[in-house]
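Trainee: Sequence first, then the predicted structure:
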Amino acid sequence: MNARLLNLVGLGLVGAVGVAFLVLVPRLFELDVVLELTVYMIMAILALSLALIWGYGGILCFGQSAFFGLGAYTYAIAMFNIGESTVPLLLAVIVPAAFAALLGYFMFYGRISDVYLGVITLTVTLILFNSINSTAGPEFHIGSARLGGFNGIPGIPPLNLPGNKAAPIDLEGMFYLATSALLATYFGLRLLLASRFGRIIVGIRENERRAELLGYDPRAYKLATFTIGGALAGFAGCLFANWGNFVSPTIFGLAQSAQIIIWVIVGGRGTLIGPIVGCIGIQWLTTALGANQPSGGSDLWAKIFANAPLIFGIILIAFVLLVPKGLVPTLGDIGQSLLVSRGKGAKRLQPKRAEEG
Amino acid sequence: MAAPLLQTQDLSMHFGGVRAVRHVNFSLAEGELRCLIGPNGAGKSTFFKMLTGQLEPTHGQVLFRGRDISHAHAHDIARLGIGIKTQVPSVFDGLSVRENIWLAANRLHSGDKTRRVVDEMLERVGLTEAADRLVGQLAHGQRQWVELGLVLATDPELILLDEPAAGMTHEEVNKTAELVREINRTKALIVVEHDMQFIRMIAKQVTVFNQGSVLVEDTVDNIMRNPQVRDIYLGKQAAA
């Protein structure tokens, strides 16, 4: 039961690092750093949503940003209409989940092939981008919330303590909330993947036809996976709308959709910690290189570094060619072969994962 | 006389202009073991795919215990009790042997019972030692055993085996024949095979497919003597 022990050690390590991070960051860093880290945590939840449906469910969704954006917009719109955040928060999870269920129903029960699934999900998010983008006029409103078109929705009221409108969550509170939400998501998904449901969806990813011939209906399992992924992305979107008090249609855009996929590829498909690492790493890198500053620096190199799509492109190509499995699985392999060669002398290598190919 | 376990009526499958299976009327009794032979392209695998819901027949019917399953989903047919071992082993390559068998056993059992069934099945197909290895890294023969273990763990009433002895060593063939006979004590089987020695070891009745239809149905010995069968099938093999 060596593998089980290793698994527990890994879980404990993640928990310890997570809690240490949660407790120490606000005490050690200035508010601007805490704010920056908050958005990393939120995006990491979004990365986990794709890690589940692509990495484990085998569903390549190019439009995960659709659910993320829907969550953000739903929260904003509901918040302006309701004023107290409990219901808007729930809606920001339910609406994207329902949308994912509807879309998933037609895709999976219509037996759309994997490639078209990617095309459809991408198209859906771009349609949302274009639709919301063209709602700038005052005639576009839902209740008292103006959609704002390409200008987005500014001044979104923050989350408050459940049921208490007078107690909004402050910036530091957002950090605690986002970090604990990320930890809860991580451990929740670990539980899900260890359950019967989780093992079956991995089986379906490995060989859908075989799973079917054993009596599992892949359509139902994929639909459930996709819906859970949609709900998680929507939740992340709600937190994101809170973080900046602002949401705009670029949240549905191609750049956002592509980023999520890059996080998962870089971190490693088929793991949960990988996409978190990939997401935080890439965001940190783009911030550090100044890519988020609209004008970039003054000299040529600064201008090149400020070109986020270019950097993403280079990172993506480098990883696909050099580290195709992603960071975490590759590090795991290196660690394992070190252990084997040191501990057991010339004993045969551990079997490698078939996914390596 | 008891109603047949499986019956097809006028079963046909056309792919565009190609008529892969035509007007097949086939019947299998409860607990029977039947071999299907026929040259490549005779429609045997297509026939299997229609029985398991992987292909929807162009026309005709498949009746399992009197129930029409011609248009049922593959997963529903599996739940009704038809299991298939495909020609190229269809297994979960990226998972361990134990996890493979677990996925099959989990459909019927839960908790400790599943674990027990998995252990028993690993023992039965001789893979206890390899239980924690990835299936993708096993030899072809062993992957065949994994797939057989998968099928048996779902405890079907009728088991379809598509070339179970293909690519196996002589010893493995003997072991497979023994296992097939053992399975047949409680289950019905249809076995597609080319290896006549293997067929002699397991079968009494043989159905010969040729160009999508049933050419003849008879005992093994009569089939071996049938000049028509020799012509289309055995002759070729003897020459090879």
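Mentor: Looks like it came in fine. Since the model is a prediction, treat every value here as computed from it, not as a measurement.
Trainee: contacts and neighbour counts: CA atoms only from here.
Mentor: Fine.
Trainee: In this structure A:Tyr56 contacts A:Leu272, no?
Mentor: No. The pair A:Tyr56 / A:Leu272 is not scored as a contact, 9.3 Å apart, by Cα atoms under 8 Å.
Trainee: Around chain A, which positions in chain B sit nearby?
Mentor: B:52, B:74-79, B:83-84, B:90-95, B:103-104, B:106-107, B:133-134, B:136-137, B:150-151, B:154 (Cα under 8 Å from any Cα of the partner chain).
Trainee: Can you pick out the ones from those that are in strands?
Mentor: When DSSP state E defines the strands, the subset of the residues of chain B next to chain A inside them is B:83-84.
Trainee: which among the residues of chain B next to chain A end up buried?
Mentor: B:52, B:74-79, B:83-84, B:90-95, B:103-104, B:106-107, B:133-134, B:136-137, B:150-151, B:154 (16 or more other Cα atoms under 10 Å in any protein chain shown).
Trainee: from the residues you listed, which ones fall inside helices?
Mentor: B:74-79, B:103-104, B:150-151 (DSSP state H).
Trainee: Could you export these as TSV, including pLDDT?
Mentor: Supplementary listing: these in TSV, determined by pLDDT from 0 to 100:
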residue	pLDDT
B:Ala74	97
B:His75	97
B:Asp76	97
B:Ile77	97
B:Ala78	97
B:Arg79	96
B:Leu103	97
B:Ala104	97
B:Leu150	95
B:Val151	96
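Trainee: Name the nearest of the residues you listed relative to A:Leu223.
Mentor: Distance ranking of those against A:Leu223, using Cα to Cα, places B:His75 first at 15.8 Å.
Trainee: now that closest one: how far from A:Leu338?
Mentor: 44 Å (Cα to Cα, to the nearest Å).
Trainee: ditto for A:Phe252
Mentor: Counting by Cα to Cα, the gap from A:Phe252 to A:Leu338 is 43 Å.
Trainee: and residue 157, what pLDDT?
Mentor: Because you didn't say which chain, this covers chain A. We have a pLDDT of 93 for A:Pro157.
Trainee: please go with chain B instead
Mentor: 95.
Trainee: Now do the contacts for it.
Mentor: Applying Cα atoms under 8 Å, 6 or more residues apart in numbering or on different chains to B:Glu157 gives the contacts B:81-83, B:187-188.
Trainee: Tell me which stretches of the stretch 51-200 of chain A form strands.
Mentor: Secondary structure of the stretch 51-200 of chain A (DSSP state E, counting those that start in this stretch): strands at A:141-142, A:145-146.
Trainee: Strand partners (parallel or antiparallel) of the last one?
Mentor: Going back to what we said before, that points to strand A:145-146. With DSSP bridges as the test, strand A:145-146 is paired with strand A:141-142 (antiparallel).
Trainee: and whichever residue of the stretch 151-300 of chain A sits closest to chain B, what is it in contact with?
Mentor: Chain B sits closest to A:Gly215 of the stretch 151-300 of chain A, with a gap of 4.0 Å, by Cα to the nearest Cα. The contact partners of A:Gly215, by Cα under 8 Å, 6+ apart, come to B:74-79, B:107.
Trainee: Confirm A:Thr271 sits in a helix?
Mentor: No. A:Thr271: not assigned to a helix; according to DSSP: H, G, I helix; E, B strand; the rest coil it is coil.
Trainee: Show the contacting residues for the residue of chain B found nearest chain A.
Mentor: Taking Cα to the nearest Cα, chain A has its nearest neighbour within chain B at B:His75, 4.0 Å off. Neighbouring residues of B:His75 by Cα under 8 Å, 6+ apart: A:212-217, B:53.
Trainee: tally of neighbours for residue 53?
Mentor: Went with chain A since none was named. A:Ile53 has 26 neighbours, counted by other Cα atoms under 10 Å in any protein chain shown.
Trainee: nope, chain B please
Mentor: B:Gly53 has 23 nearby residues by other Cα under 10 Å.
Trainee: can you tell me which residues contact the nearest residue to it once chain neighbours are set aside?
Mentor: Distances taken as Cα to Cα, 6 or more residues apart in numbering or on different chains place B:Ala74 nearest to B:Gly53, at 4.3 Å, with adjacent residues excluded. B:Ala74 sits next to A:212-213, A:215, B:52-54 when contact means Cα under 8 Å, 6+ apart.
Trainee: Could you identify the most distant pair in those?
Mentor: Greatest spacing in the contacts of B:Ala74, by Cα to Cα: A:Gly215 and B:Gln54 (12.3 Å).
Trainee: ok, back up a step: in terms of neighbours, single out the busier of A:Phe252 and A:Leu338.
Mentor: A:Phe252 (27 against 12).
Trainee: Just checking, which helix or strand of chain A averages the lowest pLDDT?
Mentor: helix A:300-305 (a mean of 71; mean pLDDT, DSSP states H and E).
Trainee: per-residue confidence at residue 231?
Mentor: This is for chain A. 98.
Trainee: could you do chain B instead?
Mentor: 81.
Trainee: What is the neighbour count of residue 206?
Mentor: Unless you meant another one, I'm taking chain A. 20.
Trainee: right idea, wrong chain: chain B
Mentor: 25.
Trainee: The residue nearest to it when sequence neighbours are not counted: neighbouring residues, count only.
Mentor: Counting by Cα to Cα, 6+ apart, B:Val206 lies nearest to B:Cys35, which is 4.7 Å off, once chain neighbours are set aside. Look at B:Cys35: counted by other Cα under 10 Å, it has 25 neighbours.
Trainee: ditto for A:Ala318
Mentor: With other Cα under 10 Å as criterion, A:Ala318 counts 13.
Trainee: which stretches of chain B form strands?
Mentor: B:6-15, B:18-28, B:33-37, B:59-64, B:67-68, B:82-85, B:158-162, B:188-192, B:205-210, B:213-219.
Trainee: picking that back up, point out the most buried one among the strands of the stretch 51-200 of chain A.
Mentor: For the strands of the stretch 51-200 of chain A, the largest average neighbour count (mean count of other Cα atoms under 10 Å in any protein chain shown) is found in strand A:145-146, namely a mean of 18.
Trainee: which residues touch that one?
Mentor: A:76-78, A:80-81, A:138, A:140, A:153.
Trainee: Stretch B:116-128 now?
Mentor: So stretch B:116-128 is contacted by B:97-98, B:101-102, B:105, B:131, B:142, B:145-146, B:148-149, B:152-153 (Cα under 8 Å, 6+ apart).
Trainee: go on, stretch B:93-108?
Mentor: A:196, A:199-200, A:203, A:206-207, A:214-216, A:353-355, B:91-92, B:114-115, B:117-118, B:121-122, B:127, B:130-137, B:146, B:149-151, B:153-154.
Trainee: What part of chain B, helix or strand, is modelled with the least confidence?
Mentor: Lowest on mean pLDDT, DSSP H and E among the helices and strands of chain B sits helix B:235-239, with a mean of 50.
Trainee: I'd like the distance between B:Asp218 and B:Lys204.
Mentor: For B:Asp218, the distance to B:Lys204 - Cα to Cα - is 8 Å.
Trainee: Over to the residue of the stretch 151-300 of chain A closest to chain B. Which of the three states is it?
Mentor: Classified using three-state DSSP, A:Gly215 is coil.
Trainee: From A:Arg219, how far out is the closest residue to it other than its chain neighbours?
Mentor: The spatially closest residue to A:Gly215, leaving aside those adjacent along the chain, is B:His75, at 4.0 Å (Cα to Cα, 6+ apart). Per Cα to Cα, B:His75 is found 10 Å from A:Arg219.
Trainee: Over to A:Ile314?
Mentor: 36 Å.
Trainee: neighbour-wise, which of those two wins?
Mentor: Using other Cα under 10 Å as the criterion, A:Ile314 and A:Arg219 rank with A:Arg219 on top: 19 against 12.
Trainee: residue ranges for the helices of the stretch 151-300 of chain A, please.
Mentor: A:171-194, A:196-206, A:208-213, A:218-244, A:254-267, A:273-288, A:300-305 (DSSP state H, counting those that start in this stretch).
Trainee: Could you list the low-confidence segments of the chain?
Mentor: Using chain A here. A:1, A:290-298, A:305-306, A:342-357 (pLDDT under 70).
Trainee: Sorry, I should have been clearer: chain B.
Mentor: B:1, B:233-240.
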